[in-house]
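>>> structure for the following, please:
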Amino acid sequence: MPSDSDSNIATADALTLLLHNQHALGAAIEEVTKWLAENGVETAAENAVMAMETLDTNAKAIKDAILRLRQS
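So this is what the prediction gives:
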């Protein structure tokens, strides 16, 4: 059975990959938001901005969890 340390490392590694996905999704949504705004689809652009804000908030929480796991 793996130790708590091994489990923490594996969890932190998985969370790190999820964090990278958060950043990639944010970049993609940012590109779509720019296109929407440039093409007069303001409401959809505003919704996309709100989605990016949620990704940013959640990315911070994931980062904090990774740091806690790596310190234990």
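
>>> from now on I want contacts and neighbour counts done on CA atoms only, so please keep to that.
Noted.

>>> who are the contact partners of residue 65?
Under the criterion of Cα atoms under 8 Å, 6 or more residues apart in numbering, the neighbours of residue 65 are residue 12.

>>> recalculate using a threshold of 10 Å.
Going by Cα atoms under 10 Å, 6 or more residues apart in numbering, residue 65 touches 11-12, 15-16, 59, 71.

>>> tell me which element it is part of?
Taking DSSP states H and E as the definition, residue 65 sits inside helix 42-71.

>>> report the buried residues of that helix.
Buried positions in helix 42-71, judged by neighbour count with 16 or more other Cα atoms under 10 Å: 45, 48-49, 51-52, 55-56, 59, 62-63, 65-66, 69.

>>> pLDDT of that helix, averaged?
When pLDDT is averaged along helix 42-71, the result is 95.

>>> how distant is it from the center of its chain?
Distance of helix 42-71 from the chain centroid (Cα atoms, centre = their mean, to the nearest Å) equals 5 Å.

>>> which residue is nearest the middle of the protein?
Of all residues in the chain, the one closest to the mean position by Cα atoms, centre = their mean is residue 22, 2.6 Å from it.

>>> isn't that one right up against residue 56?
Yes: contact status for residue 22 versus residue 56: in contact at 7.9 Å, counting by Cα atoms under 10 Å.

>>> now for the two: what residues contact both?
Here residue 22 and residue 56 have residue 62 as joint contacts, going by Cα under 10 Å, 6+ apart.

>>> just give the nearest non-adjacent residue to residue 26, would you?
With Cα to Cα, 6 or more residues apart in numbering as the criterion, residue 26 has its nearest non-adjacent residue at 5.6 Å, and that residue is residue 52.

>>> what separation do you get for that neighbour and residue 11?
Distance of residue 52 to residue 11, computed by Cα to Cα, to the nearest Å: 24 Å.

>>> can you list the buried residues in the lengthiest helix in the chain?
The helix spanning the most residues in the chain, taking DSSP state H as the definition, is helix 4-38. Taking 16+ other Cα under 10 Å as the basis for neighbour counts, the residues of helix 4-38 that come out buried are 8-9, 11-12, 15-16, 19, 22-23, 26, 29-30, 32-33, 36.
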